[in-house]
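[1] Quick one, fold the following:
(2 chains)
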Amino acid sequence: MEIYVLVKQVPDPEAIVKVKSDLELEIENKYFTSFFDEIAVEAGLKLKEKFGGKVTVLTVDNRKVDALRRGISMGADDAVQIADPALEGSDQFAIARTLSAYLKDKPFDLILTGRQAMDDDAGIVGPAVAECLGIPHVHSIIGLEVDDQKREAKVVREVENGKEHLMCPLPALFTCQKGLNTPRIPLVMNVMKAMKTQIKKIDLASLGLSQEDVGSQAVRVKVQRYLPPPKRPSVKMIKEDFPDNVKTLVKLLREEAKVI
Amino acid sequence: MAIDFTFTEEQEFFRQTVRDAVNRLIMPRVKELDEKEEFPWDLWKDFAGLGYLGLRHKEQYGGMETDTLMQMIFYEELARGSCGFSMSATMQILMGTYFIARFGNEEMKQRVLVPAIRGEKIGTICFTEDQSGSDLGGTRTLATKVDGGWRINGRKQWITNGPIAEFATVMTTVDPKLGLKGLNFFLVEKKTPQRDGFVPGQKLHKLGSRCSVTGELVLDNVFVPDENLLGEEVGKGVQYAGEILNEVRVMTGMNALAISKEAMEDAKQYANNRIAFGNPISKFQLIREKFAKFWAWYEASRTFLYRCAWMIQSNIPCTNECMLAKYHATEMCMVAVEEAMRIYGGNAFCSEYPVQRFWRDAKFLLYGGGTHEVLCDYLGRMYCKD
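    Numbers count the residues shown, from 1 in each chain, chains lettered A, B, ... in the order given. Presented below is the predicted three-dimensional model:
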């Protein structure tokens, strides 16, 4: 099977993120591969182990390739970075357009990615790539079985109060949800291999895209303003005795906190 | 512009990968590992399966042949988890297999080193006795030449991995009167019905680093063949020990970095959430000073340790520097864990909070690679020398 996995490097949950100005964030230099993308890589590797073939990890990122190295260290065969200065400021649609421009001529059976990136939580790129390529997609799968003879896949996803079982013809794109698998911890041998791997770098021109197709000129979703989360108010101690303290507490919960 | 303090992209990637493995394999079990005081065989198997035990050994034996900087990055990240597990693993990776890899014959490497890298055989190194440790010249475990080999008699103490070890690199003397000039290393395997060898003695109950099992090894007239002498000639043991001690000291410093950082990060969370007099205690200047002092000493220590790692890697003589860096890092760690305990106040005294574990674990770092009293005596002598 020819499998492509779309991955993204996102700020580590431990990284300190501050709102620098209305349209700019200051992010501590700690990054990791989006957790849901690792689930997608694991799913791809399991299929490769069963049916043979090749897993390629693919990202759009001008600076960081650690998500690709992570994919290689887990066992992916190949890694491709799409990078171009014109991509700065791209929204999810431009990223999807770029990825699909690369994928459209590739003989893939399956495209996998995380259900959402762990930074913007948008969940747009996966489905948008499928739309651009004109292939079916299923979002947030927690089960995957492939019949390579019939070229179809059985997938499961969680719905309200239950699970939905679907059959989907291949090629298709699935976004992966927690519960599909547990991503493997890379062997140090593969980590060393990943550190030495030459990452293939592709620019926009080779994809037949121009500056107008991507970047800040092509944005459909525009960030208006970043706001930091509200600061935690100081603790208010109720010093009265029972039962007055209960009455005061209920009053504060109702009138100040507005939670009851 | 010769000085460059940055890690490469590859080194950062390696650090992140080790960090992730530690977070997933070790971190969820840290409390349990400390409380059980048993060697975690299941964790060992999982960890060995990832290949980290071969970090510094040749590829032909299943190793990775990484450089010193990579190894130190690994030690720093590993020690963030369980100090005890880190001690067992570094014993296997570094001290327990170093001389076998360097001096062992091919058959010995296949028999001992290859399974050690796979985690199937546990190894250790034995220096300490009841009257020697930092004072290696006081070694009394005696190696006597006999036909076709050596007879070894003695009792080793404070042996990391000792109770579970299958093989040991044992420091002996050919004559106690020769002091440092009589020392040698031998490979000695555990006694079996088919083979002479050491017998594990009493297991120690320790204050910290508790899942790394530590105990005595008894060598009762053990016969080893000539090829088990690990070295080119008799009497060079102290020189060989010196070669490995630089790495051991910097590795110990990396453990100190990790423990101090974890303790103070934990204390930071506590200080930001513990309210006293209407404010988080991190708003009080005396508490803030503790973090500021730690930060300064920690950064200095970290820079110094990585400089030593770079010197080892670059084959620049650095015995004094490695002693200084180990001393600085470990003393910094002692202050950090003590201050973290004070930030926690009375809560530090109960096992519900992890800070007491950092405090207990840190104490273990004072002794490996020479006690600070011995190091400082030597360093002071070197500094005052004309």
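
[2] contacts and neighbour counts: CA atoms only from here.
    Will do.

[3] Around chain B, which positions in the stretch 151-260 of chain A sit nearby?
    A:185, A:186, A:187, A:188, A:189, A:191, A:192, A:195, A:234, A:235 (CA under 8 Å from any CA of the partner chain).

[4] just the helices in chain B please.
    B:9-25, B:30-36, B:41-49, B:68-78, B:83-90, B:96-103, B:106-108, B:114-118, B:237-273, B:285-313, B:319-344, B:355-363, B:372-384 (DSSP state H).

[5] list the buried ones in the third one?
    What it means is helix B:41-49. B:44, B:47, B:48, B:49 (16 or more other CA atoms under 10 Å in any protein chain shown).

[6] Output the contacting helices and strands for the lengthiest helix in chain A.
    Counting residues, the longest helix found in chain A (DSSP H) is helix A:35-51. Packed against helix A:35-51 by the contact rule (3 or more CA pairs under 8 Å, 6 or more residues apart in numbering or on different chains; DSSP states H and E) you find strand A:2-6, strand A:54-60, helix A:66-74, strand A:110-114, strand A:172-176.

[7] same for the fourth one, what does it pack against?
    Pointing back at strand A:110-114 there. Partner elements for strand A:110-114 (3+ CA pairs under 8 Å, 6+ apart): strand A:2-6, helix A:35-51, helix A:125-133, strand A:172-176.

[8] Leaving out chain neighbours, which residue sits closest to the residue of chain B found nearest chain A?
    Closest contact between chain B and chain A, by CA to the nearest CA, is at residue B:50 (4.3 Å). With sequence-adjacent residues excluded and distances taken as CA to CA, 6 or more residues apart in numbering or on different chains, residue B:50 is closest to residue A:187, at 4.3 Å.

[9] Quick check: residues of chain B near chain A?
    B:10, B:13-14, B:16-17, B:20-21, B:49-52, B:64, B:278-279.

[10] Write the ChimeraX selection for whichever of those are buried.
    A single ChimeraX command is used to select the members of the residues of chain B next to chain A judged buried by 16+ other CA under 10 Å:
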select /B:10,13,14,16,17,20,21,49,50,51,52,64
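
[11] and the residues of chain B next to chain A, which two are the farthest apart?
    B:64 and B:278 (54.4 Å; CA to CA).

[12] Domains in chain A, by residue range?
    In the assignment given by automatic domain parsing, the structural domains of chain A cover A:2-218, A:230-260.

[13] and among those domains, the most buried is which?
    domain A:2-218 (a mean of 19; mean count of other CA atoms under 10 Å in any protein chain shown).

[14] just to revisit the earlier point, so which of the residues of the stretch 151-260 of chain A next to chain B sit within helices?
    Counting by DSSP H, those contribute A:188, A:189, A:191, A:192, A:195 to helices.

[15] how about the nearest residue to the first one, chain neighbours excluded?
    What it means is residue A:188. residue B:51 (5.4 Å).

[16] Output the longest strand belonging to chain A.
    strand A:137-147 (DSSP state E).

[17] helices and strands around that strand, which ones?
    Short answer (3+ CA pairs under 8 Å, 6+ apart): strand A:137-147 packs on helix A:125-133, strand A:152-159, strand A:172-176.

[18] Counting by contacts, list what the last one packs against.
    In terms of contact count using 3+ CA pairs under 8 Å, 6+ apart, strand A:172-176 is assigned the packing partners helix A:35-51, strand A:110-114, helix A:125-133, strand A:137-147.

[19] Okay, now the sheet partners of the second one, with direction.
    Okay, so that is strand A:110-114. In the sheet, strand A:110-114 lines up against strand A:2-6 (parallel), strand A:172-176 (parallel) (DSSP bridges).

[20] Could you dump those into JSON lines with distance to residue B:235 added?
    Shown next, in JSON lines, are these (distance: least, CA to CA, whole Å):
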{"stretch": "strand A:2-6", "distance to residue B:235": "59"}
{"stretch": "strand A:172-176", "distance to residue B:235": "63"}
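
[21] need the contact list for the closest residue to chain B within chain A.
    Here chain A gets closest to chain B at one residue, residue A:187, 4.3 Å apart by CA to the nearest CA. Residues near residue A:187 by CA atoms under 8 Å, 6 or more residues apart in numbering or on different chains: A:73, A:74, B:49, B:50, B:51.

[22] ok, the fourth one to residue A:186 distance?
    Think residue B:50. Using CA to CA, to the nearest Å, residue B:50 is found at 7 Å from residue A:186.

[23] residues near residue B:7, how many?
    The tally of other residues near residue B:7 (other CA atoms under 10 Å in any protein chain shown) stands at 11.

[24] Go through the contacts of residue A:187 and name the one nearest residue A:3.
    residue A:74 (14.5 Å).

[25] which non-adjacent residue is nearest that closest one?
    Closest to residue A:74 by CA to CA, 6+ apart is residue A:186, at 4.8 Å.

[26] what does residue B:124 give?
    Per CA to CA, 6+ apart, closest to residue B:124 is residue B:96, 4.1 Å.

[27] Tell me the pLDDT of that neighbour.
    pLDDT, residue B:96: 95.

[28] Enumerate every residue touching it.
    Residue B:96 neighbours (CA under 8 Å, 6+ apart): B:123, B:124, B:125, B:168, B:169.

[29] ok, now which ones touch the residue nearest to residue B:201 when sequence neighbours are not counted?
    Leaving aside its chain neighbours, residue B:201 sits nearest to residue B:216 (4.5 Å; criterion: CA to CA, 6+ apart). With CA under 8 Å, 6+ apart as the criterion, the residues that contact residue B:216 are B:155, B:156, B:157, B:158, B:159, B:162, B:163, B:200, B:201, B:202, B:203.

[30] contacts for stretch B:139-152?
    With CA under 8 Å, 6+ apart as the criterion, stretch B:139-152 contacts B:127-129, B:131-133, B:153-156, B:171-176, B:179, B:183, B:219-227.
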